[in-house]
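Asks: can you look at this prediction? I've put the sequence above it.
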Amino acid sequence: MRLLLLLLLPLFVMAYRLSNYGEQDVSVVKIQEEFFLGKEIPDAKVLTLNGTKRLKEFMDGKPTALIFAYYTCETACPLTVSNVLKASRSKFADYRFVVLSFDERDNLETLKAFIDKNFGGKVPENWLVGLLSKEDIKRLTEATGYKFYYVPRDKIFIHTSAIIFISPSGKITRYLYGAFPTEKDLKLAFADAQKEKPTLSNIIDLALLACYRYDHARSKYVIDPMVIFALLGVSLVVLTFFLGIYYKTRKEVLR
């Protein structure tokens, strides 16, 4: 009996930890988008492995995807960054990607380890990965509605998992949630951000965007039902037109 209890003890401990982890109120990190969409984000000084840069200067009036992370994270943060990096390898050269730590304890050592692990030691030119001061963490996260809190027992942060899209003028245009954004959703979210300042190079993306709408419940772009109905309507009109010509021609031949 004692041996059985000893064998089951680790399972009881694990179950206790999981149940307590499950009690964390993750709803507190939900972004209330209606308060932040259209708001301009503040500028900030970003410390990188190569010195400091101004956030707005790096963005340079380009649509930007902003990802908050903490560099000792072993789950959602590196997963999100690596998936966005994969999706942007051969595309999105005209856009900017920014990864900023919201953990004031992060430093150049953890930043380097994060870059080595997720970027193979080399950050692409259109990416900015760095650290913020405690004051800028507060200003930027509050301006974007991004929330997080630390769980000392598990030594992890509970935080929002979202990619925040910024327009050329620095305004928030879209939140994409989750660690697995598709290339299509990234493209359309950038096109959304570019709408205030369209360019010839993204005119096709803007045309494509007209066929989609953003589904807040699923945090992804879906084909707009109105487009489907419009296409069906046009198809019906065209079909009716050609059927009319066909029967008219057939009637004349029979005469």
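Replies: Now that the structure is in, tell me what you want to look at. What you see is a predicted model, and the numbers here were worked out from it, not measured in a lab.
Asks: what's near enough to touch residue 44?
Replies: If you count contacts by CB atoms under 8 Å, 6 or more residues apart in numbering, residue 44 has them with 54, 55, 100, 132, 133, 136, 139, 140. Where you see a C-beta, it was placed from the backbone N, CA and C, and this is true even at glycine.
Asks: which intervals of the chain have sub-threshold pLDDT?
Replies: In the predicted model, the chain carries pLDDT under 70 at residues 1-28, 90, 197-210, 224-235, 254-255.
Asks: which of the contacts of residue 44 sits closest to residue 248?
Replies: Closest to residue 248 out of the contacts of residue 44 is residue 55 (66.3 Å), distances taken as CB to CB.
Asks: got the CA positions of the helix or strand containing residue 193 in PDB?
Replies: Per DSSP states H and E: residue 193 is located in helix 183-194. Taking only C-alpha atoms (Å, rounded to 0.1, in the frame of the first residue of the first chain), the coordinates of helix 183-194 have been written out as PDB:
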ATOM      1  CA  GLU A 183       0.400  33.800 -44.500                       C
ATOM      2  CA  LYS A 184      -3.000  34.800 -45.800                       C
ATOM      3  CA  ASP A 185      -4.100  36.400 -42.600                       C
ATOM      4  CA  LEU A 186      -0.800  38.300 -42.300                       C
ATOM      5  CA  LYS A 187      -1.100  39.500 -45.800                       C
ATOM      6  CA  LEU A 188      -4.700  40.800 -45.300                       C
ATOM      7  CA  ALA A 189      -3.900  42.300 -41.900                       C
ATOM      8  CA  PHE A 190      -1.000  44.300 -43.500                       C
ATOM      9  CA  ALA A 191      -3.300  45.300 -46.400                       C
ATOM     10  CA  ASP A 192      -5.800  46.500 -43.800                       C
ATOM     11  CA  ALA A 193      -3.000  48.500 -42.200                       C
ATOM     12  CA  GLN A 194      -1.900  49.900 -45.500                       C
END
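Asks: same for it, what does it pack against?
Replies: strand 64-69, helix 76-87, strand 162-166, strand 172-177, helix 203-209, strand 212-215, strand 220-223 (3 or more CB pairs under 8 Å, 6 or more residues apart in numbering; DSSP states H and E).
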